[in-house]
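Colleague: 3D, please:
(2 chains)
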Amino acid sequence: GAVVSQHPSWVICKSGTSVKIECRSLDFQATTMFWYRQFPKQSLMLMATSNEGSKATYEQGVEKDKFLINHASLTLSTLTVTSAHPEDSSFYICSAPVKLYEQYFGPGTRLTVT
Amino acid sequence: QKEVEQNSGPLSVPEGAIASLNCTYSDRGSQSFFWYRQYSGKSPELIMSIYSNGDKEDGRFTAQLNKASQYVSLLIRDSQPSDSATYLCAVKGGGNKLTFGTGTQLKVEL
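Modeller: The predicted model follows:
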């Protein structure tokens, strides 16, 4: 079946630094990928839609200058959390649609900002 | 009003019983519906998709859709302790975006 990978699986960084998270589709091409954030005991919140070869589309309330998204190839999207703060600590998950709108999720990246 | 609503639970069922999970949605024009299972600390895993009114069965899982009532459900037969997880209902909107419910926590007890 379709596989989506993420790297790293977890990261700890200091406040004020930037962190890059990679999302790869391993056995299919994805012109669109999605980035979600999930806080403890809460559901997934869509942050942005990553579009191959064009700008990402951000959801209302998501700072595009803080969460930089690049989708440079059909198999790779990256999310960079810039100037991270403790409140950015969360579980970040990417997904990619495969067939008939079914989305498959990567394993997620747990970010802790100290 | 939330776009996708689920009872947060926990829903406790004994091993071997049928677990029934429910979801309602607000957008009457929605056409595609999904159930994901999420274990604690893990990412969601797609278990069922349904697009037409009626039932769709896959192994121990049955998804039911009633567009007139804007209602989706998931039945899990012969529940096992390994089914204990949070089940997320998702509805596809424009641009392939998914809107998730808050999830129902299922506990299958021995």
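Colleague: Residue numbers of chain B in contact with chain A?
Modeller: B:32, B:34, B:36, B:42-46, B:49, B:51, B:88, B:92, B:95-103 (Cβ under 8 Å from any Cβ of the partner chain). For every residue, glycine as well, the C-beta is placed using N, CA and C.
Colleague: Which ones among the residues you listed map onto helices?
Modeller: Among these, none falls in helices (DSSP state H).
Colleague: which of the residues you listed count as buried?
Modeller: Buried residues within those, counting neighbours by 16 or more other Cβ atoms under 10 Å in any protein chain shown: B:32, B:34, B:36, B:43-44, B:46, B:49, B:88, B:92, B:96-103.
Colleague: next structured bit after the helix or strand hosting residue A:36?
Modeller: Counting by DSSP states H and E, the element that carries residue A:36 is strand A:32-38. Downstream of strand A:32-38, the first helix or strand assigned by DSSP H and E is strand A:45-51.
Colleague: Remind me what whichever helix or strand comes after that next one packs against, helices and strands.
Modeller: Next helix or strand after strand A:45-51 toward the C-terminus (DSSP H and E): strand A:57-58. Applying 3 or more Cβ pairs under 8 Å, 6 or more residues apart in numbering or on different chains; DSSP states H and E, one finds that strand A:57-58 contacts strand A:45-51.
Colleague: and the angle from the strand it packs on to strand A:32-38?
Modeller: 160 degrees (axes from the mean of the first three to the mean of the last three Cα atoms, to 10 degrees).
Colleague: Which strands or helices does strand A:45-51 pack on?
Modeller: So strand A:45-51, by 3+ Cβ pairs under 8 Å, 6+ apart, packs with strand A:32-38, strand A:57-58, strand A:67-73, strand A:76-81.
Colleague: What strands line up against the second one, and which way round?
Modeller: What it means is strand A:57-58. Paired strands of strand A:57-58, with direction, are strand A:45-51 (antiparallel) (DSSP bridges).
Colleague: what residues does the partner strand touch?
Modeller: Identification of contacts with strand A:45-51 by Cβ atoms under 8 Å, 6 or more residues apart in numbering or on different chains yields A:23, A:31-38, A:56-59, A:62, A:64, A:67, A:69-71, A:77, A:79, A:94, B:95-99.
Colleague: Quickly note the distance from the closest residue to residue A:14 other than its chain neighbours to residue A:19.
Modeller: With Cβ to Cβ, 6 or more residues apart in numbering or on different chains as the criterion, residue A:14 has its nearest non-adjacent residue at 5.8 Å, and that residue is residue A:114. Residue A:114 sits at a distance of 12 Å from residue A:19 (criterion: Cβ to Cβ, to the nearest Å).
Colleague: what about the residue lying closest to residue B:54 once chain neighbours are set aside, how many neighbours?
Modeller: In space, and not counting its chain neighbours, residue B:54 is closest to residue B:65: 6.6 Å by Cβ to Cβ, 6+ apart. Counted with other Cβ atoms under 10 Å in any protein chain shown, the neighbours of residue B:65 add up to 19.
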